[in-house]
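Colleague: With the sequence up front, the predicted model follows.
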Amino acid sequence: MLQLLTFLVEKLSLFSIFKLFESSCADAGEDHERHAQRGPAPPFRRGDLLEVPRTVFTHYGIYLGDNKVAHLIPDILPVFSNDEALIGSVITNKRLILGCIYRRATVRVDALEDFAYGSNVLINHMDKTAHSTALPNEDVAQRAEHLIGTVPYSLLWYNCEHFVTDCRYGSAESRQTEKFCECLKSVIRDQRSVIFTGLLGMISIVFFGMAPSTTLPTVLIPFTLWMAG
């Protein structure tokens, strides 16, 4: 039981420290501190890849010049309305969350202040660690402008970071997704996960009785984790 409690504390600590959509790495941490600006005349060039730190993730966009940023953001409103003025308003947290659930997003152009949403805007330096060579800035901006509109959304397979890396490098990638998958794999590989899920299954059987809805998960989930680990 002590080992199980230790396991839980370790994993909870891991998820609390790990920013689900944080792209910064230890070896490139200094690259994200340059030019934090909120003013109306930012030192950004057209085609720059920008980032804004959020509570549990980092949001990305492509600077288009004239204080405008193209970025991909989940939004449920285009599913129910064609009113461009309404859709073009600042996306609320409720619209964003429902967009994530419904898997719909919009590549849109917003003012830098709306993109920042009260946070500092940083110039991202993925160029030093990216697998591909960055395209010329004007090409990056034009690719972003070409993709403006409603698109399918996936938290793991096509999010805001995939959008900007596709524009800048011609290949959609997301370090935030990679870090999340690595974290998930570490949980699966830990054999204490098998013991923990098996114990939870036994408790559910005790409280809810023997039934397919309790017995099958009790057997299949620990077995799958055992085989995967």
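Modeller: Cool, got the structure.

Colleague: Now do the strands in the protein.
Modeller: Ranges of strands within the chain are 49-53, 58-65, 68-74, 104-111, 122-123, 149-152, based on DSSP state E.

Colleague: how far is the shortest one from where the chain is centred?
Modeller: The offset between the C-alpha centroid of strand 122-123 and the centroid of the whole chain comes to 17 Å, using Cα atoms, centre = their mean, to the nearest Å.

Colleague: if we can go back for a sec, out of the strands of the chain, flag the one nearest residue 43.
Modeller: strand 122-123 (8.2 Å; Cβ to Cβ). For the C-beta atoms, the positions are set from N, CA and C on the backbone; glycine is no exception.

Colleague: And that closest one, what does it pack against?
Modeller: strand 49-53 (3 or more Cβ pairs under 8 Å, 6 or more residues apart in numbering; DSSP states H and E).

Colleague: which residues touch the strand it packs on?
Modeller: 23, 32, 44, 58-63, 69, 115-117, 119-124, 126, 140, 164, 168 (Cβ atoms under 8 Å, 6 or more residues apart in numbering).

Colleague: Could you rerun that using 7 Å?
Modeller: By Cβ atoms under 7 Å, 6 or more residues apart in numbering, the surrounding residues in contact with strand 49-53 are 44, 58-63, 69, 115-117, 119, 121-124, 126, 164, 168.

Colleague: and the angle from that strand to strand 68-74?
Modeller: With axes from the mean of the first three to the mean of the last three Cα atoms, to 10 degrees applied, the angle from strand 49-53 to strand 68-74 works out at 60 degrees.

Colleague: Report the angle between strand 49-53 and strand 58-65.
Modeller: In terms of direction (the same axes, to 10 degrees), strand 49-53 departs from strand 58-65 by 140 degrees.

Colleague: still on that earlier bit, dump the strands of the chain to CSV, plus distance to residue 218.
Modeller: Shown next, in CSV, are the strands of the chain (distance: least, Cβ to Cβ, whole Å):
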stretch, distance to residue 218
strand 49-53, 41
strand 58-65, 38
strand 68-74, 35
strand 104-111, 36
strand 122-123, 47
strand 149-152, 36
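
Colleague: Quick check: which of these is nearest to residue 203?
Modeller: Between residue 203 and these, the shortest gap by Cβ to Cβ is with strand 68-74, which sits at 35.8 Å.

Colleague: Okay, now the unreliable bits of the chain?
Modeller: 1-42, 180-181, 184-185, 187-191, 194, 223, 225-229 (pLDDT under 70).

Colleague: What ranges does this structure have for its helices?
Modeller: Remark: helices assigned in the chain by DSSP state H are 2-17, 77-80, 84-87, 93-102, 112-116, 137-146, 160-169, 175-189, 192-208, 212-228.

Colleague: Nothing else from me, thank you.
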